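**Q** The following block contains a protein sequence and its predicted model.
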Amino acid sequence: MSARVNRRQFLATTAVAAGSLALDRGPAFAQKRELTFLSWNHFVPASDDELRKQAEAFSKQNNCTVRVDTIAHLQLDAKFAAEAQSQSGHDMIRTHGAVPFVYESKLADVGDVVDKLGKQYGGWYPFAAEIGQTGSGWRAIPWFWISFPATYNQAHFKKAGFEYPKTWAELLQQGKVLKKAGHPVGIPISHCSDTHSTYWSVAWSHGAKVLEADGKTPAINSDKTAQVIEWYKELYKDAMEPEVLSWDDASNNRFILSGKGSWIHNPISPYNAALKEKMPIADEINHHVSPAGPAGTHSAPPILGLGIWKFSKNVELAKEFIHFLYRKENFDAWIVASNAFNHPPLRHFADHPIWARNPKFAMLPGEAQFAHPRGWPGKPNDAVGRIESNYILADMVAKAINGMPTNRAMAWAQDQVAAAVKGQLKAG
């Protein structure tokens, strides 16, 4: 008998074999989808717990897996840069500041989600919406903003004969008295996020600008900025401690919770920490509206968003998950978990009972009336992101504090801002 097998016999034999193998296997199912989300380590950990709880609920309802990864907030920019460069990584990111503008060409358009949520829940606060709308469309959905009031120790102020400072000038005068009593005030002049929030607020309140309204003309070299720098120099010398030059974003929390500090410009995280840990100092801590200046009251609260990378294979699933997070019952639960730290950018979510339940929270939502995105009076843009990433504002003030003449410090900052506008400084 011949050992040769013709092509027809070979195909018939292998087809039968393949059929037998197929019968031995169970039915094939589509691979379960996985959606990945990169966010920060929230300053109120219970907020992250609630986020993961909602991610798990969405996963079960949609036969998928949502993985929430969190890292320190100062590590996010480097991670974003790496993922944008490699075109791989997470599907979703938690944006901040000018991130949607820095990665405008890398992030998916989310205008359909923004439009639907805005119509459903009474519209977006303009200052919050501006952080996501670039020249080419929506690159991030406003997620929440963080009020940036003053946090102070009532007992220290009362003992000194004060209520609390209504203006930045009053803070300087009262701070001098409080420091002599052993309870200085504290504003970071260092490479941390809180430095940005305070500088913009102080500058705007004095009528100073960093950029003109066109968003590209440097405007920091001015008489108004000189007044701001001189105010910082006097506050540093007579009302603060040298440690503020090296503070991180947790330092002011530790400062006020230690009992030594009398006043900081900061969200409510130290008060929430004191409540959680049942610290007696919680009774002494309270909040008041950010101080005013000659040009009124202005605030630069952190405004955070949700972006989706274009390279993601799960863009539509990510949009479904975002809609799920914005269901009123879910968003309300997330606000409660943060103990009023997370402020909604949608008008119909703002009237939440949590701010009325605790008198120390009552004034927080009102900050929306005088809040602006960084870069105001211009719109947020790539240059603003570079200005903050390179800590130009903090370094300008620090140079003046350390002896550089104010006019030279401003001239240096003006040159740096011009370089940022031209894209010559690092982004993120």
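**A** That came through fine. Numbering: from 1, shown residues only.
**Q** In stretch 207-219, which residues are buried?
**A** Across stretch 207-219, burial judged by 16 or more other Cβ atoms under 10 Å covers 207-211, 215, 218-219. Just so you know, the C-beta spots here come from the backbone N, C-alpha and C atoms, and that holds for glycine as well.
**Q** Can you list the neighbours in contact with that stretch?
**A** With contacts defined as Cβ atoms under 8 Å, 6 or more residues apart in numbering, stretch 207-219 is touched by 200, 203, 220, 222, 224-225, 227-228, 293-295, 375, 377-379, 381, 383-384, 387, 393, 414, 417-418, 421.
**Q** okay, now residue 135: neighbour count?
**A** Using other Cβ atoms under 10 Å, residue 135 has 9 other residues around it.
**Q** Surely it and residue 104 touch.
**A** Yes: with contact defined as Cβ atoms under 8 Å, residue 135 counts as touching residue 104 (7.4 Å).
**Q** how about the helices in the stretch 151-300 of the chain?
**A** 154-159, 168-180, 193-205, 223-239, 251-257, 269-276 (DSSP state H, counting those that start in this stretch).
**Q** So, low pLDDT: which residues of this structure?
**A** 1-30 (pLDDT under 70).
**Q** What residue spans form the domains of it?
**A** 33-146+301-365, 150-300+390-421 (automatic domain parsing).
**Q** Out of those, flag the one nearest residue 427.
**A** Set against residue 427 and scored by Cβ to Cβ, those come closest in domain 33-146+301-365, at 4.9 Å.
**Q** hang on, the earlier thing: would you mind giving the domains of the chain as JSON lines with distance to residue 427 added?
**A** Formatted as JSON lines, these follow (distance: least, Cβ to Cβ, whole Å):
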{"stretch": "domain 33-146+301-365", "distance to residue 427": "5"}
{"stretch": "domain 150-300+390-421", "distance to residue 427": "9"}
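**Q** among the ones you listed, which is nearest residue 428?
**A** Nearest of the domains of the chain (Cβ to Cβ): domain 33-146+301-365, 3.6 Å.
**Q** what's the first-to-last distance across that closest one?
**A** 38 Å (Cα to Cα, to the nearest Å).
**Q** i'd like the first residue to be 27 from this point on
**A** From this message on, residue numbering opens at 27, which makes the last subject domain 59-172+327-391.
**Q** rewinding a little: between the buried residues of stretch 233-245, which sits nearest residue 72?
**A** residue 236 (35.4 Å).
**Q** Dihedrals phi and psi, the closest one?
**A** phi -100, psi -40 (degrees, to the nearest 10).
**Q** Just the terminal-to-terminal distance for stretch 361-372.
**A** 13 Å.
**Q** how far out from the middle of the chain is it?
**A** 13 Å (Cα atoms, centre = their mean, to the nearest Å).
**Q** hang on, the earlier thing: list buried residues within the contacts of stretch 233-245.
**A** In those, the ones that pass as buried (16+ other Cβ under 10 Å) are 226, 229, 246, 248, 250-251, 253-254, 319, 401, 404-405, 407, 409-410, 413, 419, 440, 443-444, 447.
**Q** Many thanks, we can stop here.
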